[in-house]
Structure formats: structure tokens, C-alpha cells
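[1] I would like to see how this sequence folds:
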Amino acid sequence: MSLNSAPLTSEQLDSIEKYDEEKRLSYLLQQVVSNKAVWILADEHGCVMLNTDDEDCVPVWPNEEFAQRWATDEWQACQAQAIPLAKWYSRWSMGLEDDELALVVFPNQDNQGLVLYPEEFEAYLLKETKKQNRK
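    Coordinates of the predicted model:
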């Protein structure tokens, strides 16, 4: 897992977090594919869950800093955790699907984020991987 990117400044974090949902999805896909990791928040009971009206969702972030920003209030005991992309493909996509869980992609501090099903997220990741491999 390459974590060769320099840490983002809080100004960069703030400005990226203000992107609209589509732009945050695009940013997350680029980061996840180039760093080969999806970030979640977890504690000893498992990963953080968010609920929409219709779905139970696992929030995912593009890197450690964004995930860790969420570790406040009721989630302050949580730690950002990297899921290697290979493990995501081999275990997480199916596991989330089996548990009928969706994903909230890169939620911002207002709890706004696109809700995707695991197979949709995987399709986006594979498309981004192909795009990056062409460069």
C-alpha cells in the first residue's frame, strides 16, 4: 500500500470536503485506486455505520485524514482504518452485499454523501483503475 502522498493541510481538507457529491466521489476513486486502500472508521465493535431512510450504510473515505476527521463525539473512540483494495474486492464487496449494506461515499461534515451499493462502488473502482492504468 503506497501512502506516498504528502499529508493534506487543513485548508486542503476543508476545500476538498466542500466539493459536491459527484466531485467527492471522483476524488475518492482517484485516491483509493492510486493508494490501493479504502478508508473506514472502526472501533472494537466494528466499523461505523450511518443510516439513511432506506439503508444502513458503511461510510468510506479517500484517505486517513478525512476518516479521522469524523472520529468526534460518539465516534471519538474510533480509528481510521485502511482496507487494502485487494481485500476490499475479495471480502468487503461480497460481505456488504450479503449483509444488505450500502456505502456512503466520502460523507462530508454535513452527513452528505452519495449512497452506492457495493457492486456499483466496485464498478466505479474498476473503471477508475482502467483509467489510471492507461496513463
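[2] switch to C-alpha atoms for all contacts and neighbour counts from now on
    Will do.
[3] quick one, helices of the chain?
    Listed in chain order, the helices of the chain (DSSP state H) span 10-17, 21-35, 64-69, 85-87, 93-98, 118-134.
[4] neighbours of the closest residue to Trp75 other than its chain neighbours, how many?
    Distances taken as Cα to Cα, 6 or more residues apart in numbering place Val48 nearest to Trp75, at 7.8 Å, with adjacent residues excluded. Other residues near Val48 come to 18 when the count uses other Cα atoms under 10 Å.
[5] over to Ile40?
    A count of nearby residues for Ile40, using other Cα under 10 Å, gives 26.
[6] OK, contacts around it?
    Applying Cα atoms under 8 Å, 6 or more residues apart in numbering to Ile40 gives the contacts 47-48, 58-61, 67, 80-83.
[7] grab the most central residue of the chain for me.
    The residue at the geometric middle of the chain, judged as the C-alpha nearest the mean C-alpha position with Cα atoms, centre = their mean, is Val60 (2.2 Å).
[8] pull the contacting residues for it.
    For Val60, the set of contacting residues under the criterion of Cα under 8 Å, 6+ apart consists of 38-41, 67, 103-107.
[9] how much space between it and Ile40?
    For Val60, the distance to Ile40 under the criterion Cα to Cα, to the nearest Å works out to 5 Å.
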